[in-house]
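In: coordinates for the following, if possible.
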Amino acid sequence: MSVTALLLAGGASSRMRGTDKLLEQVRGKALLRDRAEMCLAAGLPCRVVLPPKAPARRNALHGLDVEIVETQGSELGLSHSIRTGLIGLRGDALLVLADLPDLSATHLRRVVDAARAHPLKQVFRGATEAGKPGHPVLICHGLFEELRGIEGDTGAQPVLKAHSGETVLVPIGPAALADLDTPEAWAAWREGQR
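Out: Below you'll find the model as predicted:
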């Protein structure tokens, strides 16, 4: 099974009130670079969706073996970034990644391994130990056409909801839900790292 990691970095980071969360420092580097390196460390080809005018984000990826695709519709929401990431994509599955800082290459490999072990299922999601679904989300090729039809800022949620019965939850712990969208969330996360 060939899997491509799709790193969604086309948004405006509007809830950060003036700063770019993708450029927040994590483990001594920009979050975006850290997440791309994680994908590569997991052995996955990595495709990054960026807005056209984001030189700092592009610079954060300098020297990494990633494919950058530009979204011409950042204002159209997360769904547009996913559709952009699908253009010309070959392979059996897509591992959609948000910018959660606690995910690791090991977590990604667990989800990919689960997909290889359950070839009749369509969706695989990282989840807490209690079974609350989160990230990363692996979607098999059979659902790509449905992904191409999504709209708005809900991302792949409509497709995930429609195929909840074909979903395998992969326990990876609290990292599956640690999404930091506000300065307050970042401050709390950093406090917890001490």
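In: S104 against C39, yeah?
Out: No: contact criterion Cβ atoms under 8 Å: S104 and C39 do not qualify, at 10.9 Å. No exception for glycine: its C-beta is placed from N, CA and C like everyone else's.
In: in the chain, what secondary structure element scores lowest on mean pLDDT?
Out: Lowest mean confidence among the helices and strands of the chain (mean pLDDT, DSSP states H and E): helix 183-193, at a mean of 77.
In: which strands and helices sit next to that one?
Out: Contacting helix 183-193 under the criterion 3 or more Cβ pairs under 8 Å, 6 or more residues apart in numbering; DSSP states H and E is no other helix or strand.
In: if I pick the residue sitting nearest the centre point of the chain, what's in contact with it?
Out: Taking Cα atoms, centre = their mean, the centroid of the chain lies closest to L97, which sits 1.0 Å from it. Each residue near L97 by Cβ atoms under 8 Å, 6 or more residues apart in numbering is listed here: 5-8, 35, 39, 103, 108, 135-136.
In: give the buried residues for the least confident helix or strand of the chain.
Out: W186 (16 or more other Cβ atoms under 10 Å).
In: ok, the longest strand anywhere in the chain: who's next to it in the sheet?
Out: Longest strand in the chain, counting residues (DSSP state E): strand 133-140. Strand 133-140 pairs in its sheet with strand 93-97 (antiparallel), strand 123-127 (antiparallel), by DSSP bridges.
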